[in-house]
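> Okay, here's the prediction I keep looking at, along with the sequence it came from:
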Amino acid sequence: MVPDRAPPRFTLPAGIRWLEHTADAGFAVRGASAQEVYQRCVAALRHLLLGDQPVADGLRLELELQGQDRAERLVALLEEVLLRLEVERFVTARAEVGEDEPGQGTLYVALLGEHFDPARHRQVREVKAITYHGLGFARRPDGSLEATVVVDL
Amino acid sequence: MGKRQRGKGRGHGASRERRRPEAAEVAEAVEQLPGGGEEGAFAGRDRPVRYRTEQQDEHRWLVPRQGRMLAEGLIYASPALIGSILSDPAVDQVANVAHLPGLVDRSMAMPDIHWGYGFPIGGVAAFDAEEGMISPGGVGFDINCGVRLLASGLQEQDVRPRLTLLLDALEQSIPSGLGQNRRDFRLSSKDLRRLLEEGAAWVVRQGLGEAADLERTESTGRMADADPDQVSERAVARGLEQIGTLGSGNHFCEVGYVERVLDAEVAAVLGLSEGQVTVIVHTGSRGLGYQVCQDSLKPMAGVSRRLGLQLPDRQLACAPLSSPEGRSYLGAMNAAANFAYANRQAITHWVRQSFELGLHLAPADHRLRVVYDVAHNMARLETHEVEGKRRRLCVHRKGATRAFPPGHAELPRAYRGVGQPVLIPGDMGRASYVLVGTAQAAAETFGSVCHGAGRRLSRAEAVRQGRGRDIFAELAQAGVQVRVHGRETLAEEMPEAYKDVAAVVEAVAGAGLARIVARLRPIGVVKG
């Protein structure tokens, strides 16, 4: 889908901290709600894959994801972003995320993006997978939530 | 196999566009990596290493049982390497592996050890095949990532003047990057299923290679216990278009030459001589293997919870080998391993084609033949002698290479007298090495040694140190032409990002785990 207007270059949202890792890459993401943390994690992964290249958000993929806990559901969400890019050439611009019950149940996700266009898009790096190493999704003393993710490069 | 030994002291158990980026573009890439967020460091790297170590001898550092460790750890290194190792969270990962039930002997790590996910990179761990565990974290996402070495009948001076043409041809022939694949080699789902069962032999049957290639490939390029039924549709979807592709990151195809023969007797058996042009292919099972690992993590985590295992890291999730989850992973992992053998076989064919098209040589002129092909991310069922008894074990090697001794029945007949060839790629600016396994390795490390140089710098730190430098020019000055798909890769993969591979192989040789046969020098590198 060709957008009416060129999308702006991507700017990382607040609350994302890059983690030093010898071989791979990671990020710690804070948010006021679980929904915000999930969405910011997608933004961090999108930045690792595509840098600040503009990506339109005219296509919408709706998904329901399950996992034992929030951390597992976060891995499932990020795995979808990777898979859709590699298999369907769907580039995620951003995600909309909702949970049915806090801390359990199903994650309702809409990935918004466009088809990969070699004329406009360049994959900055290959992310092989989302690991469980150092994986966390927990409430902080100040009431905010923080997730940590390490990806395999 | 040799008798296992324990105790202190030596000898005891212990877009296809690939133009050269300008320096300014590299600097821009530096700014973008990963960029934009708050500065900070992972708690794991900030935190001091938790586990105490004790030096045993010049090449062995023990991690004694501490806390809930069920066994000891042992790190092979040298005085020159140990400083950076002991400040890396990888030491804690050696100890973490020793928390897994059913570990036989020790959790071990090679001198190229560095921080990975779950198991350390450079880690070796064996579990009893009947009562022990299998852990996808002990194999890694890139199942059967490995190295293939080709030797030619050409000399360095035959190729260097025409190297640009050869690298052009290699770039054109071997796809890398998102969505890049060979238009003339497409697989149906049925084809892929056969490939997952048969490995490299299936590719040879399609006309991509020779029967002799299989004879010089570890396990003849086929894991017999592969079970394609355990490979998910998602993994199949990722693999369908990726056969014969290089991938990115640290994967590469490198043209070089034998700079120095260090063991003439063994080199003669392997067919290596000074000045001879060589090609190294480093890649693995691509998206199919990554997905097999990813698919296994949730069920393995479920088993670990059911068994009440208190794991220090979720990536250590594991299941008994005898459980449905364990068997399922083993079958899928072996199928992914077959994909990787087939992948390197297909690339071998295109390397030969590149010499023919790029340099206008006939096969009889380049005479490219496989010296060996060896995996460094695998879990294998093997028989080893432990405390006087022969035991069937599942040996996990994550960033570690099998190095069986002379006489082992699993070696190609031609190499049985010298031991298993071990291929150790270094960074793209310095050297790579060929080693062979020893009886000492069989006695101490389940026949295992290192797999490469091992990273020294994080990717972000490598990028920071590369800021403002023209790494292309520096490598060209050192006599190495580099083609790279993404400019970010160049900064992340620059030579200083890695340990000195010479120090790593000297450490394993010093520990008696391998003999150094030859040093190879790169002259041209194609990276994904």
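Alright, I've got the coordinates.

> Spatially central, which residue of chain B would that be?
Centroid check for chain B by C-alpha atoms, centre = their mean gives residue B:376 as the closest residue, at 3.8 Å.

> distance of that one from chain A?
14 Å (C-beta to the nearest C-beta, to the nearest Å). Just so you know, the C-beta spots here come from the backbone N, C-alpha and C atoms, and that holds for glycine as well.

> Run through the residues that contact that residue.
With C-beta atoms under 8 Å, 6 or more residues apart in numbering or on different chains as the criterion, the residues that contact residue B:376 are B:145, B:146, B:147, B:397, B:399, B:400, B:401, B:451, B:452.

> Closest one of those to chain A?
residue B:399 (8.9 Å; C-beta to the nearest C-beta).

> For the closest one, which residues are in contact?
So residue B:399 contacts B:110, B:112, B:116, B:120-123, B:140, B:376-377, B:451-452, B:454 (C-beta under 8 Å, 6+ apart).

> The nearest residue to residue B:337 once chain neighbours are set aside: neighbour count?
Closest residue in space to residue B:337, ignoring its immediate chain neighbours: residue B:144 at 3.8 Å, by C-beta to C-beta, 6 or more residues apart in numbering or on different chains. Neighbours of residue B:144 under the rule other C-beta atoms under 10 Å in any protein chain shown: 30.

> cool, and residue B:110?
When neighbours are counted by other C-beta under 10 Å, residue B:110 comes out with 29.

> so it sits in a strand?
Yes: the assignment for residue B:110 by DSSP: H, G, I helix; E, B strand; the rest coil puts it in a strand.

> Looking at the residue of the stretch 101-250 of chain B at minimum distance from chain A now. What's its pLDDT?
Closest residue of the stretch 101-250 of chain B to chain A, C-beta to the nearest C-beta: residue B:117 (3.3 Å). Residue B:117 carries a pLDDT value of 87.

> Could you give the number of residues near the closest residue to it other than its chain neighbours?
Closest residue in space to residue B:117, ignoring its immediate chain neighbours: residue A:133 at 3.3 Å, by C-beta to C-beta, 6+ apart. Using other C-beta under 10 Å, residue A:133 has 25 neighbouring residues.

> go on, residue B:469?
Around residue B:469 there are 16 residues (other C-beta under 10 Å).

> you'd agree residue A:131 is up against residue A:23?
No: if you go by C-beta atoms under 8 Å, residue A:131 and residue A:23 don't touch, sitting 10.9 Å apart.

> out of these two, which sits in the busier spot?
More crowded of residue A:131 and residue A:23, by other C-beta under 10 Å: residue A:131, with 27 against 22.

> In which helix or strand does the spatially closest residue to the more buried one that is not a sequence neighbour reside?
Spatial nearest neighbour of residue A:131, chain neighbours left out: residue B:117 (4.1 Å); criterion: C-beta to C-beta, 6+ apart. Of the helices and strands defined by DSSP states H and E, none includes residue B:117.

> longest helix anywhere in chain B?
In chain B, with assignment by DSSP state H, the single longest helix is helix B:324-359.

> buried residues in that one?
Buried residues in helix B:324-359, counted by 16 or more other C-beta atoms under 10 Å in any protein chain shown: B:325-359.

> what's near enough to touch residue A:85?
By C-beta under 8 Å, 6+ apart, the neighbours of residue A:85 are A:49, A:91, A:92, A:116, A:123, B:178.

> Just name the closest of those residues to residue A:65, please.
Nearest to residue A:65 among the contacts of residue A:85, counting by C-beta to C-beta, is residue A:92 at 14.0 Å.

> Tell me if I'm right that the closest one and residue A:115 touch.
No: the pair residue A:92 and residue A:115 does not pass the contact test of C-beta under 8 Å, sitting 11.4 Å apart.

> The two: who's more crowded?
Neighbour count, other C-beta under 10 Å: between residue A:92 and residue A:115, residue A:92 has more, with 25 against 14.

> what's the closest non-adjacent residue to the more buried one?
residue A:113 (4.3 Å).

> Kindly report the same for residue B:367.
residue B:153 (3.3 Å).

> Can you verify the one you found is assigned to a strand?
Yes: Residue B:153: assigned to a strand according to three-state DSSP.

> Quick one: residues contacting it.
Per C-beta under 8 Å, 6+ apart, neighbours of residue B:153: B:276, B:365, B:366, B:367, B:368.

> ranges for the strands of chain A?
A:16-19, A:25-31, A:59-66, A:90-101, A:104-115, A:129-130, A:136-139, A:145-152 (DSSP state E).

> In the fourth one, which residues are buried?
So that's strand A:90-101. For strand A:90-101, using 16+ other C-beta under 10 Å, the buried residues are A:90, A:91, A:92, A:93, A:94, A:95, A:96, A:97, A:99.

> which of the residues you listed lies closest to chain B?
Distance to chain B, by C-beta to the nearest C-beta, is smallest for residue A:91 among these, at 9.7 Å.

> which residues does the closest one contact?
Listed by C-beta under 8 Å, 6+ apart, the contact set of residue A:91 reads A:50, A:55, A:85, A:113, A:114, A:115, A:116, A:121.

> ok, it to residue B:235 distance?
Distance of residue A:91 to residue B:235, given as C-beta to C-beta, to the nearest Å: 21 Å.

> that older thread, TSV for the strands of chain A, including mean pLDDT?
Output for the strands of chain A, formatted as TSV (pLDDT from 0 to 100):
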stretch	mean pLDDT
strand A:16-19	90
strand A:25-31	94
strand A:59-66	95
strand A:90-101	91
strand A:104-115	92
strand A:129-130	94
strand A:136-139	93
strand A:145-152	94
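
> Kindly present the buried residues of strand A:90-101 as CSV, with separate columns for distance to residue B:243.
Formatted as CSV, the buried residues of strand A:90-101 follow (distance: C-beta to C-beta, whole Å):
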residue, distance to residue B:243
A:90, 22
A:91, 24
A:92, 26
A:93, 30
A:94, 33
A:95, 31
A:96, 36
A:97, 35
A:99, 39
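
> how distant is stretch B:89-105 from the center of its chain?
The chain centre lies 20 Å from the centre of stretch B:89-105; the measure is C-alpha atoms, centre = their mean, to the nearest Å.

> List the buried residues in it.
Quick answer for stretch B:89-105 (16+ other C-beta under 10 Å): B:89-100, B:102-105.

> Mean neighbour count, the strands of chain A: which tops it?
strand A:129-130 (a mean of 25; mean count of other C-beta atoms under 10 Å in any protein chain shown).

> Are it and chain B in contact anywhere?
Yes: contact of strand A:129-130 with chain B (C-beta under 8 Å from any C-beta of the partner chain) involves A:129, A:130.

> ranges for the strands of the stretch 101-250 of chain B?
B:103-114, B:121-128, B:133-134, B:146-155 (DSSP state E, counting those that start in this stretch).

> Helices along the stretch 1-150 of chain B, start to end?
Assigned by DSSP state H, counting those that start in this stretch, the stretch 1-150 of chain B shows helices spanning B:23-32, B:43-46, B:79-86, B:90-97.

> Give the buried residues for the third one.
What it means is helix B:79-86. Using 16+ other C-beta under 10 Å as the test for burial, helix B:79-86 gives B:81, B:82, B:84, B:85, B:86.

> Residue B:302 contacts residue A:68, doesn't it?
Yes: using C-beta under 8 Å, residue B:302 is in contact with residue A:68, at 7.3 Å.

> Those two: which is more packed in?
Each of residue B:302 and residue A:68 has its neighbours counted (other C-beta under 10 Å); residue B:302 has more, 15 against 12.

> distance of that one from chain A?
7 Å.

> Just say helix, strand or coil for that residue.
Classification of residue B:302 using three-state DSSP returns helix.

> Who are the contact partners of it?
A:68, B:325.

> Also residue B:111?
So residue B:111 contacts B:76-78, B:81, B:85, B:122, B:450, B:454, B:499, B:503-504, B:507-508 (C-beta under 8 Å, 6+ apart).
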